[in-house]
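# Have a look at this fold, sequence not included:
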C-alpha cells in the first residue's frame, strides 16, 4: 500500500504542485456531497454503488466554479478520483456532511480538547 509520505514526496517535487491541494480538497469535499445529484442524470439501470463514468455539464460547471478549476480539469479529476469520492470509506464518510464531521469531533476531538464549534468560530471573519 502506498503511504501518504510517498504521495507528499511526489507533490513536493520541484514545481508548484502542492499549491493545487486546496483545489483538490475542495473538489473532493464538494463532489462527495453531490453524489445524489450526480446520480440523478444517470441511466435508470446504473447501480448507485458504482461511480458514474461521466458527470453532467451542470455538475462539471458547479465543481469548476467552486474549486477554481477549468471544466477539463474537473473531468480529469473525476476520472482519476471518482472511485475515492464514491467509496464509503470511513474517511470519506467523515466529510459527507456537517453531522458526520461533528461526529468525528465528538469521537476524536473532545478527548483532545477540540470541539467543532470552536474550530468553526475561530475560522470566522
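Great, that's in hand. Since this is a predicted model, take the numbers as computed values, not measurements.
# need the contact list for the most centrally placed residue in the chain.
Centroid check for the chain by CA atoms, centre = their mean gives residue 28 as the closest residue, at 1.8 Å. When contacts are counted by CB atoms under 8 Å, 6 or more residues apart in numbering, residue 28 is found next to 81, 84, 85. For every residue, glycine as well, the C-beta is placed using N, CA and C.
# could you flag which of those residues are buried?
By neighbour count, with 16 or more other CB atoms under 10 Å, the contacts of residue 28 hold 81, 85 as buried.
# quick one: the helices in this protein?
Assigned helices in the chain, in chain order: 4-11, 21-33, 35-40, 57-67, 71-86, 90-93, 98-104, 116-123 (criterion: DSSP state H).
# Could you export those helices as a markdown table, including mean pLDDT?
Output for the helices of the chain, formatted as a markdown table (pLDDT from 0 to 100):
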| stretch | mean pLDDT |
| --- | --- |
| helix 4-11 | 72 |
| helix 21-33 | 87 |
| helix 35-40 | 90 |
| helix 57-67 | 94 |
| helix 71-86 | 92 |
| helix 90-93 | 65 |
| helix 98-104 | 79 |
| helix 116-123 | 50 |
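# I appreciate the help and will end here.
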